[in-house]
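Chemist: compute the structure for the input listed below.
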Amino acid sequence: MELVKATNLTKVYGEYKVENATKALNGVSLQVQAGEFIGVMGPSGSGKSTLVNILSGITAPTTGAVEIEGKEINQMDQDEMAVFRRRKLGFVFQDFNLLEHLTVKENIMLPMVLEKRPKEEMEQKASAIMKQFGIEHLENKYPYNISGGQQQRVAVSRALINDPILVFADEPTGNLDSKSANAVMNCFSDINEQNKATILMVTHDVFAASFCKKIIFIKDGQIAMEIVRKGTRKEFFDYILDCQAMIGGVSNDL
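Modeler: Residues are numbered from 1 along each chain as shown. Next up is the predicted model:
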């Protein structure tokens, strides 16, 4: 089932049709099927973060359209978009974005609190998801009392608590050591396999990307290549490295 359809997306920073305007995206079209686990990679400045920000409704495209579940999100007003994101989308960021004055359990339940869900339902779902990710023993601790890898698992749990149709992850292993990164990526793999969650992840980390089922490479604001995982994760890791070497390029992130 087609979950996301993006058509001819462009994003221009500066005055449109002016020579020195910066074109972060240049005519990108793609589809995301329900249940896919897609990584978005590319050189710094390629437009990958801009693409994901547009797909998630954080940023509006200069031209083009994004449909999620058949709804054109560009046509929503600010309030409609806020509700849509809260109910339908999950977000995981590099910096965790946990609230320091809330416990682990309270952080996880926050999206349900905003939706004014029944307390019993919140308790049950929070307990189930903490158990799934092996953090149930941390429920009464505060973010500053736990490790970075544990904080990121809390962030993933919070992103999933409202059963989003689509999870966006932006460099989720960027601040983690290799052991914590492995634990977090196994969490993503589990929710994709067991919960059938659809995940779109921006990453520069080949190790993290090797957990995905498909990689979209962006260069100069356009899709340069798509590859699909076949064989083992180690074989996919090597394939991604080869593709990165082919694409190359360095500049500043947009």
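Chemist: and whichever helix in the chain runs longest, how far out from the chain middle?
Modeler: For the chain, the longest helix by residue count, based on DSSP state H, is helix 178-194. Relative to the chain's own centre, helix 178-194 is displaced by 13 Å; criterion: C-alpha atoms, centre = their mean, to the nearest Å.
Chemist: quick one: buried residues of that helix?
Modeler: By neighbour count, with 16 or more other C-beta atoms under 10 Å as the criterion, the buried positions of helix 178-194 are 180-185, 187-189, 191-192. For glycine as for every other residue, the C-beta is placed from the backbone atoms N, C-alpha and C.
Chemist: farthest-separated two in the residues you listed?
Modeler: With C-beta to C-beta as the measure, no two of these lie farther apart than 180 and 192, at 19.0 Å.
Chemist: who are the contact partners of residue 30?
Modeler: Contacts for residue 30 were tallied using C-beta atoms under 8 Å, 6 or more residues apart in numbering; they are 4, 6, 216, 223.
Chemist: again, 6 Å this time
Modeler: Residues in contact with residue 30, defined by C-beta atoms under 6 Å, 6 or more residues apart in numbering, are residue 6.
Chemist: what about the helices in this protein?
Modeler: Counting by DSSP H, the chain has helices at residues 48-55, 78-88, 104-114, 119-132, 148-160, 178-194, 206-209, 233-247.
Chemist: I'd like these as JSON lines, with distance to residue 31 appended.
Modeler: What follows is the helices of the chain, written out as JSON lines (distance: least, C-beta to C-beta, whole Å):
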{"stretch": "helix 48-55", "distance to residue 31": "11"}
{"stretch": "helix 78-88", "distance to residue 31": "17"}
{"stretch": "helix 104-114", "distance to residue 31": "27"}
{"stretch": "helix 119-132", "distance to residue 31": "29"}
{"stretch": "helix 148-160", "distance to residue 31": "22"}
{"stretch": "helix 178-194", "distance to residue 31": "17"}
{"stretch": "helix 206-209", "distance to residue 31": "20"}
{"stretch": "helix 233-247", "distance to residue 31": "20"}
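Chemist: need the ones you listed in JSON lines (columns: distance to residue 62 and mean pLDDT).
Modeler: What follows is these, written out as JSON lines (distance: least, C-beta to C-beta, whole Å; pLDDT from 0 to 100):
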{"stretch": "helix 48-55", "distance to residue 62": "10", "mean pLDDT": "91"}
{"stretch": "helix 78-88", "distance to residue 62": "17", "mean pLDDT": "89"}
{"stretch": "helix 104-114", "distance to residue 62": "30", "mean pLDDT": "94"}
{"stretch": "helix 119-132", "distance to residue 62": "38", "mean pLDDT": "93"}
{"stretch": "helix 148-160", "distance to residue 62": "28", "mean pLDDT": "93"}
{"stretch": "helix 178-194", "distance to residue 62": "31", "mean pLDDT": "91"}
{"stretch": "helix 206-209", "distance to residue 62": "28", "mean pLDDT": "95"}
{"stretch": "helix 233-247", "distance to residue 62": "24", "mean pLDDT": "92"}
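Chemist: much appreciated, bye for now.
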